[in-house]
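Q: Sequence and predicted structure below; questions after.
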Amino acid sequence: MPSAVTLIRSEKLSDVAEYAYAATAPAEARLIFLAGSCPLDADGATVAVGDYAGQAAACVATMKKALAAAGSTIDDVISTRVLVASSSQADLVEAWEVVRDAFGDHDVPSTLMGVTVLGYDDQLVEIEAVAAVLD
């Protein structure tokens, strides 16, 4: 099934960003709003403690499972927000590179931000997402 998501780019905006600046979905698309995907194992313990890239990868895996439960895939995501518990730009970039690579050519609009603290013990990364599908 073709994706409901159309990524939008503009020659009037910088090409430095590693994502589309906007995305749309048709009115008949069903929107899926995901809670923040966290780096937790099946028992609720934080994985990859102290590892920004490892936690980002775990968050992507969690996000993919939540998308599947909602009847969609990562190719249906229309936007993301990546939260990283750090004030170091290098830590944010380390997490971002994992997320960016997971999306490949489907480089949806995204916001990357450093935050003071996240909700679980030892948690460094969380990913929020919205997806759109045509049923």
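A: Yep, that arrived. Numbers count the residues shown, from 1 in each chain.
Q: Could you use CA atoms for every contact and neighbour count after this?
A: Noted.
Q: Are we agreed that residue 114 is in a strand?
A: Yes: looking at residue 114 with DSSP: H, G, I helix; E, B strand; the rest coil, it is inside a strand.
Q: Surely it is in contact with residue 84?
A: Yes: when contacts are counted by CA atoms under 8 Å, residue 114 is listed as touching residue 84 (4.8 Å).
Q: what residues do these two have in common as contacts?
A: residue 92 (CA atoms under 8 Å, 6 or more residues apart in numbering).
Q: Mind checking which of those two has more residues around it?
A: Neighbour count, other CA atoms under 10 Å: between residue 114 and residue 84, residue 84 has more, with 29 against 17.
Q: So the more buried one is in contact with residue 122, correct?
A: No: if you go by CA under 8 Å, residue 84 and residue 122 don't touch, sitting 11.8 Å apart.
Q: and residue 21, how far is that from residue 78?
A: According to CA to CA, to the nearest Å, residue 21 and residue 78 sit 11 Å apart.
Q: which neighbours do those two share?
A: With CA under 8 Å, 6+ apart, residue 21 and residue 78 have common neighbours 7, 108-109.
Q: between the residues you listed, which is nearest residue 74?
A: When these are compared for distance to residue 74 (CA to CA), residue 108 wins out at 10.0 Å.
Q: Contact partners for that closest one?
A: Residue 108 touches 7, 19-23, 77-80, counting by CA under 8 Å, 6+ apart.
Q: rerun that using 10 Å as the cut-off
A: Residue 108 makes contacts with 5-8, 18-23, 75-80, 100, 129, as judged by CA atoms under 10 Å, 6 or more residues apart in numbering.
Q: Over to residue 28?
A: 4, 132-135.
Q: ditto for residue 9
A: Applying CA under 10 Å, 6+ apart, the residues near residue 9 are 15, 19-23, 109.
Q: Return the subset of these lying in strands.
A: Counted as lying in strands by DSSP state E, out of those, are 22-23.
Q: and the contacts of residue 9, which two are the farthest apart?
A: Most distant of those, by CA to CA, are 15 and 23, 15.8 Å apart.
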